[in-house]
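[1] below: sequence and its predicted model.
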Number of protein chains: 2
Amino acid sequence: MRKIVLFGLMQSALLVSFSQSVPDADIISKLKQEESQNSKVMDIAFHLTDVSGPRLTASPNFMNAANWAKTTLSGWGLENARLEPWGDFGKGWQQERCYIAMTKPYYTPIVAIPRAWTGSTPGKKMINGGIVLLKAKDSASLVQYAGTLKNKIIMLWVDDALKPSFEPDGARLADSSLAKMAKAEMNVAPGQRPANDQARQQFMARQSFQRNLTKLFNEEKPALVLSINPRGNDGTVFVQGGGEYGKDAPEGPANIMLSSDDYLRLQRLVNAGVPVEVEADVKTRFFDKDLKGYNVIAEIPGTDPKLKDEVVMLGGHLDSWQGATGATDNAAGCSVMMEAVRLLKAMNFKPRRTIRIALWSGEEQGLFGSRNYVKNHLGDPATMKLMPEQQNISAYYNLDNGTGKIRGIYLQGNEAVRPLFTSWLQPFNGEGASTVTINNTGGTDHLAFDAVGIPGFQFIQDPIEYDTRTHHTNMDTYDHLVPEDLKQASVIVASFVYNTAMRDEKIPRKELPKPREGQRPI
Amino acid sequence: MRKIVLFGLMQSALLVSFSQSVPDADIISKLKQEESQNSKVMDIAFHLTDVSGPRLTASPNFMNAANWAKTTLSGWGLENARLEPWGDFGKGWQQERCYIAMTKPYYTPIVAIPRAWTGSTPGKKMINGGIVLLKAKDSASLVQYAGTLKNKIIMLWVDDALKPSFEPDGARLADSSLAKMAKAEMNVAPGQRPANDQARQQFMARQSFQRNLTKLFNEEKPALVLSINPRGNDGTVFVQGGGEYGKDAPEGPANIMLSSDDYLRLQRLVNAGVPVEVEADVKTRFFDKDLKGYNVIAEIPGTDPKLKDEVVMLGGHLDSWQGATGATDNAAGCSVMMEAVRLLKAMNFKPRRTIRIALWSGEEQGLFGSRNYVKNHLGDPATMKLMPEQQNISAYYNLDNGTGKIRGIYLQGNEAVRPLFTSWLQPFNGEGASTVTINNTGGTDHLAFDAVGIPGFQFIQDPIEYDTRTHHTNMDTYDHLVPEDLKQASVIVASFVYNTAMRDEKIPRKELPKPREGQRPI
C-alpha cells in the first residue's frame, strides 16, 4: 500500500475520495530536490538550440540534434534509444547564406530569413538591382505580370501598417482565466470546429491566391522574392515555409521573409518612385539522399512482470522552423521531457510499467512524426483498425506550448481522469499548477494518440511571450527560455509519468472515436 | 482687441484673469481644420526618414535631409531658408556594408549595425574566422590581451541574461502621472543633479574601462569587434557611437552592435568550447572635406513694425543615430515643427513677431547645433556675456520626445508663464493636452536657450514606445510613428507659436542664470 501523506486540512478532505491516486509525497519531494540541485534542463536546451541550430525536419541540424538526444538518453541509462524512421517525409533543407541590404537611396542592412524549402539567388555572386512591386490582391490580377519577372527582385504590395503595442508581450495566465477553464464544460471536439462560411471562403481564396503566386514564381523564375509577415514587428520576424519539400517538388526561387519595418520602407520608397536598389546573396541547400522522417525513441523498461508490457509515453516535437533555434517551439518541451526521464533515472526509479519518451519530427508540417508512429504501432484513425499495442499505452503526455511553467492539464474531454489529475497536481498547487479542464487543446502531437482512443494529454502552460515574440519567429532562441519554469515543468511531468507507471490500473479511456475516413486528419 | 471666446463655465472663470492670453478660437479652429484636411506631417516624416535615411551629424544623409528641409521650407514661402554653419564638428561617417553570419556550427545570419564612427573589416573581401572571447571586467584585466588581438574577431564577456517582458512596450501618460506633474513644486535645476558618490564612482570606472578598451582596440587592430547592448531584445538593437569623429581622431577597427540574442548565443557557444566561425564584411566611410556642422534655419518675417525684430523660435534636432532612420528621435519633432510653420503659412498668417524655425545638428553628440547657435547669436552661458538679440527672442519651443501626442508643457521653472500656457492649452484639453508643470526636463535643445535666460520650453509627450523600442535603436523607423499624434502636436505647436507671435508682450523671463564657467555645460 502506498503512503498517504496529508497536505493540510483542505487537501486531506479531498484525499478521502481520491486516496488511491494520492501521489507519493516522498517521491515528489525527491524529484523536486534533484531538479533544484542538479537540474540539467538548461544544458539540454543549450544543446538542442544553440549547439544544434534550427531543427527543420530532415535537415542536417535536426539529425544532429536527434542523434545527440539519442546518445544522451542512452548515456543516462535509457534503453532501446534509437532514431526510428516513420515513413517518407521529403527533402531536407537549410540556409547557407542570407544577406540583403538596400544600397540606394542609401545603404541599410535588412533583417531577413529565407522561407523554408525555397531556393537561391542566381549565380555564385551577389545580385544587384531594383525592385518590382507587384500590385495584385487576387489571382486574376496576377496574370498581368506573366512574362515580366524573370531575374527580377520582386515584392507584393501589402496594405499593412504597424501600430505601437500597448499590451505586454509576456503574460502568465490569470487566476480568473484558469478558474474559467476549470469550470468549462466540454468545448468543441478536435476537428469539429464551427463552420463559418464567410471565413472559410476568405481562407480558401487566400490559399488559392498563394498557390497561384507560388506557381507564378516557379514559372517566372524571379531572382529573389521578398515576403512580409505583418504579425512581427520591432525586429521580430515570423517565418515558416515557402517552398515544397516533396521528393519531386520543383525548387522555387529564393524567397526571404523581411522584418516588417524593412519591407514597408522598401514598399513606400518604390511606390513613391524613389530609385531603390538592393544587393542580395541568398543560398540554400536541399538534401534528398534520405527522404525518410525520424523520431527519437528511448525507454525505461518496466519491472512489474504483469505490467511491464504496458507503456507510459511522454514526448514533444524536436523539429522546429528555421528562423531561429526553436527554443520555445519546441526545444522547451523536449528539454522538459528529457529532463523528466533523467530525473526518474537519477532516482534509480524502477517503474512497474515501461516509460517511453518520443521526440517527434514533422510536427510543424502536420504532426507527421506522431501520427505515423501511431499508424505504424497503434492503429489507423481513418479506419479505426487498431493494433494490439493500442491496448498497452496507458497514456501519452505532451508538452508544446512554449517555455511557460505548467498551470494544469487539459482532460481532452476525458472526465473520468479529473479526480486523478486533480490529486496528482496537489503537490504542485503551491507552484501554480492546479487547473484541470475538460477542454480540448489542439495543434500538437497528443492529438495523434487521442485519435485512436489512447488518453493523450497536453499540459496547460503560461504563455510568456509565445504568441507575441517566439512562436515561429527569428527570436525563438535560448535566451527566450525561462529556466525556473522549465524546472517546474520537468518535475511535474516526471511525477505524472511516475504516477501513471505505478498505479494498478491504466488511465481511464474515453469511448473509441469513430473512423475518420474521408475527413481531414485531426 | 482680440476676440474672446467662452469655452464653458469652468473656463470662463479662468478667462477673467487671463483674458489677454486667451487663444483666438477661430484661428485654432482653422489650424485644426487645415491639419485634419491637408496634413503633410507624414509626408514630411517620409522624406526625413525613408528617403533621407539615418541622419548622423555631418553625414551625406544628414546633408540631404537638411537640404530637402531648406528647399521645402522655401517652397512653402518661408524666407531666409538656409543651412547655417555653427562651427567645427568633425568627420562625417556612414556604413556602406554590414554583413555578419555564424557559419559554424551551422549557418545563421546575425542582426548587427556598425557603431558610429568605427572602421571597416580589413581587405576588400569577406573575412572568416573564430572568435576570441575576452574575459575582462576592469582595466587591469585588459592588459593580458595586449599583443594577441591583431586581425582577430573579438567579443567581450557579458553577464547579461534576457528576461521576458511583462510590461507593455507602449504607454500613454496616466492621468495620475499628469496630475502629479501639474502639482509638482520645482524639481532639481538642470545641471544640479544630486550627487551620489557611489554611482558616480561606478560611472567613472565604466567610462575609464571603455576608454581603455577603445585604446586597446585602436592599438591591437582586431579585424572586428562584436558589441552588445543588453537593453535591446527581440531583434531591437540599441546602437549609438563607438568611434571618434574629431578631425584628427584615429580610425578604430570595425565594431558592430549585435542583437542581444545573437551575441549571447555566440558567447555561450565559444565559452562552451564549441567550434564557432563567423564570416563578416563591414565597410564604413569617413568624410572629412567639410568638418563644419550645420543647422537649418528659415523664417516667417514679422509684420508689426514695432515687434518684427522680435522672434518666436521653434525647433528640434534633425540629426539622428545610425541604427535606423531616426523617426521618433527626432524626425517626429522636426516633422511637427515643419508642419506647424506650414500650417501657419497655409493660413496666410501675418505674424506680428518673426517666426524662426531651426532644425539642429549635433544634438546627439551634445546639443552642439543649438548650443553653438545660441553662442553665435545670443550669448555665452559660460560668461553670461549676452548679445543684443538675446533680448529679442520671446521664446523657443522644442519637440524631441518621440511620436507621442502633446499632453502639456514643462515650465522649466518659469512659474510666471503658467497662466498663459494653461490658457493656451484650453482648446486642446479635449485632446489630452492640459498639463502645465513647473518641472524641468532635460536632454535636448531647449536647454541651450534656457542657459542664457531665454524662455525655452519642451512639450510633455506620451512616451508610446520611445524608451522600449525606438530611442537610439534599429527600430526607429517611419512605421513606429503615430500619425494622429503628430497631427495633434502640429496644431498645438502652431497655436503656441501663433499666440507667442501675436501677444503684446514677450514671454515672461526667469532671473538670468549665473555664469557657468568651469562647470560642465547644462
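    Yep, it's here.

[2] residues in contact with the residue of the stretch 251-400 of chain A found nearest chain B?
    Residue nearest to chain B within the stretch 251-400 of chain A (C-beta to the nearest C-beta): residue A:261, separated by 4.5 Å. Quick note: C-beta positions are derived from backbone N, CA and C, even for glycine. Residue A:261 makes contact with A:162, A:233, A:234, A:235, B:324, B:475, B:477, B:479, B:480, according to C-beta atoms under 8 Å, 6 or more residues apart in numbering or on different chains.

[3] do you know the pLDDT at residue A:25?
    Here the pLDDT value assigned to residue A:25 is 88.

[4] run a quick neighbour tally on it.
    If you count neighbours by other C-beta atoms under 10 Å in any protein chain shown, residue A:25 ends up with 15.

[5] secondary structure element for residue A:293?
    strand A:292-300 (DSSP states H and E).

[6] direction included, what does that strand pair against?
    Applying DSSP bridges, strand A:292-300 is found paired with strand A:79-88 (antiparallel), strand A:354-360 (antiparallel).

[7] most packed of these?
    Ranked by mean neighbour count, the strands paired with strand A:292-300 are led by strand A:354-360 with a mean of 26 (mean count of other C-beta atoms under 10 Å in any protein chain shown).

[8] what does that strand rub up against?
    A:66, A:69, A:73, A:78, A:295-302, A:308-319, A:334, A:337-338, A:340-341, A:344, A:367-370, A:373, A:445, A:497, A:501.

[9] switch the cut-off to 7 Å
    With contact meaning C-beta atoms under 7 Å, 6 or more residues apart in numbering or on different chains, strand A:354-360 is reached by A:66, A:69, A:73, A:295-302, A:308, A:310-318, A:334, A:337-338, A:341, A:344, A:369-370, A:373, A:445, A:497, A:501.

[10] select only the buried ones of those residues in ChimeraX?
    Burial among the contacts of strand A:354-360 is assessed by 16 or more other C-beta atoms under 10 Å in any protein chain shown; the matching ChimeraX selection reads:
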select /A:66,69,73,295,296,297,298,299,300,302,310,311,312,313,314,315,316,317,318,334,337,338,341,344,369,370,373,445,497,501
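
[11] which residues of the stretch 151-300 of chain A lie near chain B?
    Residues of the stretch 151-300 of chain A found near chain B (C-beta under 7 Å from any C-beta of the partner chain) are A:162, A:164-171, A:234-236, A:259-261, A:264-265, A:268-269, A:274.

[12] got it, and the stretch 1-150 of chain A?
    So the stretch 1-150 of chain A meets chain B at A:46, A:50-51, A:53, A:61, A:94-99, A:101, A:105-109, A:111 (C-beta under 7 Å from any C-beta).

[13] which ones among these map onto helices?
    Judged by DSSP state H, those include A:46, A:61 as members of helices.

[14] can you say which of the residues of the stretch 1-150 of chain A next to chain B are buried?
    A:46, A:50-51, A:53, A:61, A:94-95, A:97-99, A:101, A:105-109, A:111.

[15] excluding chain neighbours, what is closest to the residue in the stretch 151-300 of chain A positioned nearest to chain B?
    Ranked by C-beta to the nearest C-beta, the top residue of the stretch 151-300 of chain A for proximity to chain B is residue A:235, at 2.2 Å. Excluding the flanking residues, the one nearest residue A:235 by C-beta to C-beta, 6 or more residues apart in numbering or on different chains is residue B:235, at 2.2 Å.
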